[in-house]
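Enquirer: Whatever this is, show me its structure:
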Amino acid sequence: MMFRFCVVYFGLYCLLVTPMWFPVLGLLNRWTRHYTGPWLPLTDPVTGWVGSTVFGVDAVLRRDSGAGDQMAVWVLVFCLFVVAMVATSIWTFFERAGSSPRLLAWFTLFVRVLLAGQMVSFGFAKVFLYQMPGPALAQLLRPYGELSPASVLWLQVGSSHPYEMTLGAVEVVAGLLLFVPRTAVLGAALSLASMAQVLLLNLTFDIPEKLLAGHLLLFSVFLLAPYLRRLIDVFVRQRACAPLTQPALFADDRRNRVAVWLQVALGIWIVVGSGFDGWTVWQRQNDADRPKSELYGIWEVREFSVDGHPIPPLTTDPNRWQRIVFDAPEAATYQRMNGELVPARAEFGPDARFDLTTIDEKAGQQTPFATLAADRSDRDHLVLRGQLHDRPVVITLDRVDHDAFTLRSRGFHWVQDYPYFR
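Expert: Predicted coordinates for the structure are as follows:
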């Protein structure tokens with residue numbers, strides 16, 4: 001009965017809740033990475049009604065959010081659980097005999113391939129350093145106490161490229177092992193350990209992907225469950241055990257051999273697709289010619305004049321700037337005197353002029369709050385002249401060496417006579 005429940009529930013989950021099968025598209029996956037799936041939005045009427053009637057919550061899918069733990073998704077998982085329970089009861093009532101070995105074999109293959117695809121996809125996202133990128137320039141200025149737990153985890157992993165790449169390599173290896181029937185049990189065990197760590201981090205740092213990590217953990221448990229007794233014999237009782245073979249898909253040995261090679265070929269297709277996608281993203285983000293702001297860097301205000309009068313650097317002044325940061329081509333972040341970091345949209349025009357606009361998606365088209373012209377005598381000095389909140393300003397700034405921050409400059413040391421914590 002448990003197997004039948006897994007067939008229904010896992011099947012519906014993979015189809016509806018998350019695009020588990022996207023990595024199977026291989027090289028075609030790069031055009032579907034940001035797609036939520038064809039059927040998930042169709043569940044809105046059901047989740048909306050169940051959410052309001054059963055739980056008294058607003059269970060509407062937020063299409064502008066990449067979070068996997070939305071209220072609508074939790075309600076949908078509850079609905080799938082109920083449907084799976086009912087379907088399992090009906091299935092068991094009409095088919096009292098044990099489940100077909102062929103169904104077990106094919107469903108095991110189904111789960112194994114989808115789990116392997118997810119492990120490879122998420123693994124390459126870490127290997128190529130784009131799932132958890134290093135701190136952006138503005139994040140180097142943000143006080144630690146203002147960071148959310150999720151940001152702390154993301155920046156902690158992203159601050160050490162070897163660590164992030166190692167985490168990703170473990171996931172990729174687990175996925176590779178899952179594609180080969182002879183090593184599938186080892187791959188499932190490695191996936192179990194990896195997903196247990198991911199789920200623990202998601203739970204303790206409030207990452208909005210607890211559902212996905214939990215289900216990938218359950219997939220690993222499902223694949224290992226038939227071999228649990230033999231694994232205990234080997235690792236606990238120190239006894240010999242039968243080979244840990246995968247259930248046969250066909251009664252004919254020749255067909256089974258062909259099926260093995262097809263699984264390996266499918267694995268190569270998925271690995272090439274995920275690897276190429278990761279390599280493309282890595283090149284785009286790390287290439288020396290990648291798009292950057294024309295004024296890229298962290299700039300500290302030396303003088304700030306309004307209406308021709310210099311403004312002293314008082315922490316109580318709500319209008320004076322302490323710093324401004326230019327990173328991405330169409331973005332800027334200015335820091336008020338009280339330390340608050342305010343993101344803005346930067347639109348550069350001719351003659352080194354640019355407009356700064358408040359970022360507010362709900363407000364629609366907005367009027368720029370600043371129109372400034374940049375004058376650079378050299379690479380380390382900048383003067384901004386123009387209008388700020390309809391008042392003429394002149395801002396003199398000096399470049400801050402962002403590589404001088406301790407997080408970037410500390411490096412690695414084999415020998416440390418004293419611990420270095422700051």
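Enquirer: Residue 51 - nearest residue in space that isn't next to it in sequence?
Expert: Nearest residue to residue 51, sequence neighbours excluded (CB to CB, 6 or more residues apart in numbering): residue 59, at 2.7 Å. Just so you know, the C-beta spots here come from the backbone N, C-alpha and C atoms, and that holds for glycine as well.
Enquirer: what's the pLDDT at that neighbour?
Expert: Looking at residue 59, its pLDDT reads 91.
Enquirer: burial of it, as a residue count?
Expert: For residue 59, the neighbour count with other CB atoms under 10 Å is 24.
Enquirer: secondary structure class for it?
Expert: At residue 59 the chain is in coil, as set by DSSP: H, G, I helix; E, B strand; the rest coil.
Enquirer: Then residue 7?
Expert: In three-state terms, and counting by three-state DSSP, residue 7 is helix.
Enquirer: Which residues are in contact with it?
Expert: Going by CB atoms under 8 Å, 6 or more residues apart in numbering, residue 7 touches 103, 107.
Enquirer: Residue 113 now?
Expert: The contact partners of residue 113, by CB under 8 Å, 6+ apart, come to 24, 178, 179, 263, 266.
Enquirer: ditto for residue 233
Expert: Contact analysis of residue 233 by CB under 8 Å, 6+ apart lists 239, 240, 241.
Enquirer: what's the pLDDT at it?
Expert: In this model, residue 233 carries a pLDDT of 89.
Enquirer: Hmm, which of the contacts of residue 113 is lowest in pLDDT?
Expert: Minimum pLDDT for the contacts of residue 113 is recorded at residue 24 (88).
Enquirer: where's the closest residue in space to it that isn't next to it in sequence, which helix or strand?
Expert: Excluding the flanking residues, the one nearest residue 24 by CB to CB, 6+ apart is residue 117, at 5.5 Å. Per DSSP states H and E: residue 117 is located in helix 101-127.
Enquirer: That helix - what's its average pLDDT?
Expert: 95.
Enquirer: and what of stretch 183-198?
Expert: Stretch 183-198 comes out with an average pLDDT of 97.
Enquirer: same question, stretch 415-422
Expert: For stretch 415-422, the mean pLDDT works out to 91.
Enquirer: That one: end-to-end distance?
Expert: Counting by CA to CA, to the nearest Å, you get 18 Å between the two ends of stretch 415-422.
Enquirer: and that stretch, which residues are buried?
Expert: Buried residues in stretch 415-422, defined by neighbour count with 16 or more other CB atoms under 10 Å: none.
Enquirer: Contacts for stretch 278-285, please.
Expert: 30, 124, 125, 127, 128, 129, 130, 133, 290.
Enquirer: For those, pick the one with the most neighbours.
Expert: Highest neighbour count within the contacts of stretch 278-285: residue 124, with 27 neighbours (other CB under 10 Å).
Enquirer: Just the pLDDT at the closest residue in space to that one that isn't next to it in sequence, thanks.
Expert: Closest residue to residue 124 apart from its sequence neighbours, by CB to CB, 6+ apart: residue 278 at 3.8 Å. Predicted confidence (pLDDT) for residue 278: 90.
Enquirer: What of residue 292?
Expert: 85.
Enquirer: State the three-state secondary structure for it.
Expert: Classified using three-state DSSP, residue 292 is coil.
Enquirer: what's the answer for residue 355, then?
Expert: With three-state DSSP as the basis, residue 355 sits in strand.
Enquirer: Any idea what it is bridged to?
Expert: Going by DSSP bridges, residue 355 is paired in beta bridges with residue 347, residue 371.
Enquirer: so what's the residue nearest to residue 24 up against?
Expert: Residue 117 touches 20, 21, 22, 23, 24, 175, 270, 274, counting by CB under 8 Å, 6+ apart.
Enquirer: can you rerun that using 6 Å?
Expert: Residues counted as contacts of residue 117 (CB atoms under 6 Å, 6 or more residues apart in numbering) are 23, 24, 270.
Enquirer: which of the residues you listed tops the neighbour count?
Expert: Greatest neighbour count in the contacts of residue 117, by other CB under 10 Å, goes to residue 23: 27 neighbours.
Enquirer: wait, it sits on residue 121?
Expert: Yes. Using CB atoms under 6 Å, residue 23 is in contact with residue 121, at 4.4 Å.
Enquirer: you'd agree the residue nearest to residue 124 is in a helix?
Expert: Yes. Assigned with three-state DSSP, residue 278 falls within a helix.
Enquirer: Next, count neighbours for it.
Expert: By the criterion of other CB under 10 Å, residue 278 has 24 neighbours.
Enquirer: OK, contacts around the residue nearest to the spatial centre of the chain?
Expert: By CA atoms, centre = their mean, the mean C-alpha position of the chain lies nearest to residue 131, the distance being 4.9 Å. The contact partners of residue 131, taken as CB under 6 Å, 6+ apart, are residue 125.
Enquirer: tell me which element it is part of?
Expert: Here residue 131, judged by DSSP H and E, is contained in no helix and no strand.
Enquirer: how near is it to residue 344?
Expert: According to CB to CB, to the nearest Å, residue 131 and residue 344 sit 27 Å apart.
Enquirer: Measure how buried the closest residue to residue 294 other than its chain neighbours is and give me the count.
Expert: Using CB to CB, 6+ apart and skipping the chain neighbours, the partner closest in space to residue 294 is residue 348 (5.6 Å). Residue 348 is flanked by 17 other residues according to other CB under 10 Å.
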